[in-house]
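Q: fold the following for me, if possible:
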Amino acid sequence: MPTRGVIYVATGPRYLEEAAVSRAQLRRSNPALPAALVTDAAHISGDWQEIIPLPKPTHSLRDKLQMRHSPWDCTIFLDTDTYVAAPLDLLFDLLDDGFDLLGHQLFEGHDYQLEGVPDAFPEFNTGVIGFRRDEAVQRFFDAWTTWYDRYLPAVKCDQRSFRKAVYESRLRHSVLTPEYNFRPLATNFAITDLRILHGRPFADLPQLKALMDVKLVHRAYVPRLRCVVSDMMTPGQAWRLWRAATFELVKTGTRPLRNRVRRLFGRPVLKS
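A: Numbers count the residues shown, from 1 in each chain. The predicted structure is shown next:
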């Protein structure tokens, strides 16, 4: 049977601490799943099955590409700010079934043109990635690294280079549903229960899952209102939405007056 496991990359004390917290939650939701850590730290303690040294970190997103050194046949890479709330067996099953790469499609990243890549080909979030250990995937990582370096310093992001490398690789890739990489930074959608939540602060993610999973229907989370919106809201959800929307309306409606006062006293003006 192919080996299965998770890998994190953490360079620097802040991300090392985040990785340990995320790993602890992973242990609670997936007790038998091993985890490896790529890090520049000299001394590591904790629940790691394998430590992979990174002697010359860049302390940038480029370090993340070292996930390629995973010891597992089938790997799920997780950013250090992820909260795994459910078993990951279904993701590994996709890799076992012959998919080379897994990633969550974004509702963003289409505001630019990428030479050689059709506009219809999506951008992926690189905080949750599944991949197999074989030569074709390693060539993909080579290409991803090349494009990442080529786009610097104009593009300090790893997702544009990831999109380019995936398109040119012709790997068999699967698009993950939002439930496997749910990000609360912008309006996001779900249908079933949330499996992986991704964002900061970590302490808010369990509460977000509880809020989103009250009723498993087509629903959206609106971060500005901190509310769940659907066609089948519970009374509690409807009350929360009404209260938040009313507060936002009052705040927005009084903004011109507050701006006028700030001009009088020479303070910064609020954006409309």
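
Q: how far away from the center of its chain is the lengthiest strand in the chain?
A: Criterion DSSP state E: the longest strand present in the chain is strand 124-132. With C-alpha atoms, centre = their mean, to the nearest Å as the basis, strand 124-132 stands 9 Å off its chain's centre.

Q: mind listing the strands it pairs with, and their directions?
A: strand 74-78 (antiparallel), strand 101-105 (antiparallel) (DSSP bridges).

Q: low-confidence regions, the protein specifically.
A: Within the chain, the stretches with pLDDT under 70 are 109-110, 255, 257-272.

Q: apply 90 and report the result again.
A: Where the chain drops to pLDDT under 90, the residues are 1-2, 42-46, 106-113, 119, 153-156, 186, 247-272.

Q: how about the helices in it?
A: 13-29, 89-96, 135-151, 159-169, 205-212, 235-253, 255-264 (DSSP state H).

Q: ok, residue 35 touching residue 49?
A: Yes: between residue 35 and residue 49 there is a contact at 6.1 Å, judged by C-beta atoms under 8 Å. Backbone N, C-alpha and C define where each C-beta goes, glycine included.

Q: which neighbours do those two have in common?
A: Common contact partners of residue 35 and residue 49 (C-beta atoms under 8 Å, 6 or more residues apart in numbering): residue 5.

Q: between those two, which has more neighbouring residues?
A: The neighbour comparison of residue 35 against residue 49 (other C-beta atoms under 10 Å) goes to residue 35, with 22 against 13.

Q: any idea what that one is bridged to?
A: Beta-bridge partners, per DSSP bridges, of residue 35: residue 6.

Q: which ones are touching it?
A: 5, 6, 7, 8, 23, 26, 47, 48, 49.

Q: give me the distance between residue 71 and residue 36.
A: Computed as C-beta to C-beta, to the nearest Å, the residue 71 to residue 36 distance reads 6 Å.

Q: kindly apply the preceding question to residue 155 instead.
A: 29 Å.

Q: returning to that earlier point: now the strands paired with strand 124-132 in CSV, with distance to residue 132?
A: Formatted as CSV, these follow (distance: least, C-beta to C-beta, whole Å):
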stretch, distance to residue 132
strand 74-78, 6
strand 101-105, 8
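
Q: pick the most buried one from those.
A: strand 74-78 (a mean of 25; mean count of other C-beta atoms under 10 Å).

Q: neighbouring contacts of that strand?
A: So strand 74-78 is contacted by 2-9, 22, 26, 64, 67, 70, 84, 88, 91-92, 95-96, 102, 127-133, 196 (C-beta under 8 Å, 6+ apart).

Q: CA atoms only for it, dumped as PDB, please.
A: The C-alpha atoms that make up strand 74-78 are tabulated as PDB, following Å, rounded to 0.1, in the frame of the first residue of the first chain:
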ATOM      1  CA  CYS A  74       0.900  10.400  -1.300                       C
ATOM      2  CA  THR A  75       1.100  13.700   0.500                       C
ATOM      3  CA  ILE A  76      -1.200  16.500   1.600                       C
ATOM      4  CA  PHE A  77       0.700  19.800   2.100                       C
ATOM      5  CA  LEU A  78      -0.800  22.100   4.700                       C
END
